[in-house]
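>>> below: sequence and its predicted model.
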Amino acid sequence: MLRYFYKTFVCFLTVITIFVSTVSKSAALTVGEERELGEQLLFQIRLAFPLLDDPDIFQYINELGQEVLTVAGVQYFDYHFYIVNSTQFNAFAAPSGLVFFYSGLIEQMKQEDELVAVLAHEIGHVVSRHIAKGMDQGTKVGIATTILALAGLALGAGAISQAIFTGSLAAGQAASLSFSREHEEEADILAYGWMKKMGRNPEAEEDMLRTMRRITRYSMGNIPQYLLTHPNPEFRLDYVQSLLALDDKELSTFKKTDNFSFLRMKYRILSQISDGKKFRNFLLNKLSDQSASEEEKTMLQYGLSQLDRMENNFDSSRNYLRKVIAHYPERSILLVDLGLLEMEDGNKEQALELIRTAYDRDPNDMWATFQLARINLELGNVGIAEKYLLEVEEIMPLYSKVYFELGRLKAAKGDNGTASYYLGKYYLYEGRLKLAKQTVQVALKDPGLNADLRQDGELMQELIEKLEKKE
């Protein structure tokens with residue numbers, strides 16, 4: 001598995017490294033050049049990073065991002081926010097508004113405001129164009145070094161990542177992702193102000209910096225300094241505390257944030273990626289903690305329900321989840337979770353009823369919409385399933401798995417041209433350009449492909465050829 005991941009990442013690096021050699025040799029990376037670099041990255045992300053991007057997770061993190069952007073003002077870029085499956089405590093912004101959060105960082109968080117504080121900090125780096133400025137100092141080699149730094153971050157602090165990073169340093173460049181003290185201060189100040197504008201308590205920024213200081217101290221012997229992309233936690237903590245001291249009277253006016261969505265996301269992720277035995281012990285120990293709030297204890301039971309479902313302990317999972325639903329009867333997304341459990345336990349009609357109820361309550365919930373499509377496919381309701389998949393495509397056009405399902409659906413109906421079109425789109429968004437090119441070509445040769453899809457297929461073909469030239 002590691003060998004495959006390394007090989008695919010090398011392909012990713014080849015694409016990006018050759019692309020950056022085409023960037024202007026001037027001393028500045030323009031907004032247009034940064035946007036183009038971001039577009040190239042966008043189609044390689046899934047090839048490069050082990051993402052956790054189910055519709056509910058993707059929708060949650062991106063809605064939080066848009067909340068920050070609403071108060072941040074007009075932007076140069078279209079932002080995309082992703083969660084990476086990695087035990088590292090890190091988050092970083094890549095060129096053109098691509099922002100990554102590691103599951104190891106989310107595991108250390110206790111509340112949503114902490115996540116928003118980090119998210120706002122990363123947006124602050126993009127808004128201030130710190131990445132572009134870091135690249136400016138080394139022109140085109142500096143850009144390549146930055147991308148190689150992303151490679152090191154994605155692969156972790158093992159031998160492979162160190163070899164990649166050493167290779168970039170051999171080019172005579174330092175890691176441009178390690179922000180200066182001034183850049184960190186600027187991003188923190190922006191995040192602090194945006195937190196207040198959103199009505200969120202900026203003390204969460206202090207909480208995250210305390211955690212970062214603790215993690216940094218603990219990890220210094222294991223993780224090379226150049227992988228700590230956000231240095232000086234002690235200094236940053238001092239001046240954030242100074243800002244809080246000035247706002248001391250105002251802090252009591254901020255309302256407590258509802259942490260349901262955050263804790264649901266956190267425990268759903270951890271149930272998928274953690275060692276089952278250790279995670280169960282953690283949840284049970286926290287449940288026995290007398291100081292834990294009712295909200296915390298309820299969501300710990302949600303974590304147990306997800307872990308049991310992952311281990312096919314359906315009765316236990318169902319019991320835990322029903323207790324959570326009793327506490328949060330208005331949270332329709334829990335009905336989707338229960339419906340997914342029933343679907344996996346073979347109770348398809350019951351699953352359909354639960355998920356349809358959730359969808360009727362909130363048609364904008366893409367977790368409900370996608371699962372409603374899946375259960376209808378299982379039941380043979382192909383036309384209904386297609387309707388819901390197209391809704392997901394409209395709202396989440398970068399979600400690759402929706403195109404795979406549409407391709408599977410069309411193939412089942414015997415519409416091979418349209419099936420190839422959707423599979424080509426799936427491969428494109430997975431960063432698998434060779435397969436994308438082949439399947440799109442098959443689609444365009446089919447005389448039955450409708451005019452709109454044919455036009456889009458031709459545009460996809462042009463995009464694939466453009467991306468191939470960067471390889």
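Arrived safely, thanks for sending.

>>> how about low-confidence regions in this protein?
Counting by pLDDT under 70, the chain has low-confidence residues at 1-29, 132-179, 218-231, 470-471.

>>> domains for it, by residue range?
2-251, 258-324, 332-394, 399-471 (automatic domain parsing).

>>> can you list these in TSV and add mean neighbour count?
All C-beta spots, glycine's among them, are computed from the backbone N, C-alpha and C. TSV is the format used below for the domains of the chain (neighbours: other Cβ atoms under 10 Å):
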stretch	mean neighbour count
domain 2-251	18
domain 258-324	17
domain 332-394	19
domain 399-471	18
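
>>> ok, the residue sitting nearest the centre point of the chain - contacts?
For the chain, the residue sitting closest to the mean C-alpha position, by Cα atoms, centre = their mean, is Tyr82 at 1.6 Å. Neighbouring residues of Tyr82 by Cβ atoms under 8 Å, 6 or more residues apart in numbering: Ile45, Phe49, Leu51, Asp53, Phe58, Ile61, Leu98, Val99, Phe100, Phe101.

>>> the second one contacts Gln88, doesn't it?
No - using Cβ atoms under 8 Å, Phe49 and Gln88 do not qualify as a contacting pair, with a distance of 12.0 Å.

>>> and the gap between the residue lying closest to Leu463 once chain neighbours are set aside and Asn416?
Residue nearest to Leu463 in three dimensions, not counting chain neighbours: Leu428, with 7.4 Å by Cβ to Cβ, 6 or more residues apart in numbering. Distance, Leu428 to Asn416, using Cβ to Cβ, to the nearest Å: 18 Å.

>>> thinking again about what came up before, which ones among the contacts of Tyr82 are found in strands?
Leu98, Val99, Phe100, Phe101 (DSSP state E).

>>> contacting residues for the first one?
This points to Leu98. Contacts of Leu98 (Cβ under 8 Å, 6+ apart): Gly38, Leu41, Leu42, Ile45, Tyr79, His80, Tyr82.

>>> kindly provide the distance from it to Tyr79.
Applying Cβ to Cβ, the value for Leu98 to Tyr79 is 8 Å.

>>> now do the third one
As defined by Cβ to Cβ, Phe100 lies at a distance of 12 Å from Tyr79.

>>> now do the last one
As defined by Cβ to Cβ, Phe101 lies at a distance of 13 Å from Tyr79.

>>> leaving out the residues flanking it, which one is nearest to Ser128?
Per Cβ to Cβ, 6+ apart, closest to Ser128 is Glu186, 5.4 Å.

>>> who are the packing partners of the strand or helix carrying the one you found?
Assessed by DSSP states H and E, Glu186 sits inside helix 181-197. Packing partners of helix 181-197 (3 or more Cβ pairs under 8 Å, 6 or more residues apart in numbering; DSSP states H and E): helix 55-72, helix 112-127, helix 130-136, helix 203-219, helix 233-246.

>>> can you put the ones you listed in TSV and add distance to Gln455?
Formatted as TSV, these follow (distance: least, Cβ to Cβ, whole Å):
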stretch	distance to Gln455
helix 55-72	27
helix 112-127	33
helix 130-136	34
helix 203-219	47
helix 233-246	50
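
>>> minimum distance to Leu379: which of those helices has it?
Nearest to Leu379 among the helices and strands packed on helix 181-197 is helix 55-72 (20.0 Å), distances taken as Cβ to Cβ.

>>> can I get the closest one in CSV, CA atoms only?
Extracted C-alpha coordinates of helix 55-72, given in CSV (Å, rounded to 0.1, in the frame of the first residue of the first chain):
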residue,chain,number,x,y,z
PRO,A,55,-20.7,14.3,1.5
ASP,A,56,-21.5,15.1,5.2
ILE,A,57,-17.8,15.7,6.1
PHE,A,58,-17.1,17.7,2.9
GLN,A,59,-20.2,19.8,3.3
TYR,A,60,-19.6,20.5,7.0
ILE,A,61,-16.0,21.7,6.6
ASN,A,62,-16.8,23.8,3.5
GLU,A,63,-19.8,25.4,5.1
LEU,A,64,-17.6,26.5,8.0
GLY,A,65,-15.1,27.8,5.5
GLN,A,66,-17.7,29.8,3.7
GLU,A,67,-18.8,31.3,7.1
VAL,A,68,-15.3,32.7,7.5
LEU,A,69,-15.2,33.9,3.9
THR,A,70,-18.4,35.8,4.4
VAL,A,71,-16.8,38.1,6.9
ALA,A,72,-13.4,38.1,5.2
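
>>> that helix vs strand 98-102, what angle?
Between the axes of helix 55-72 and strand 98-102, defined by axes from the mean of the first three to the mean of the last three Cα atoms, to 10 degrees, the angle is 120 degrees.

>>> tell me the helix or strand right after helix 55-72.
strand 80-84.

>>> quick check: angle from that next one to strand 98-102?
Orientation check (the same axes, to 10 degrees): strand 80-84 against strand 98-102 gives 20 degrees.
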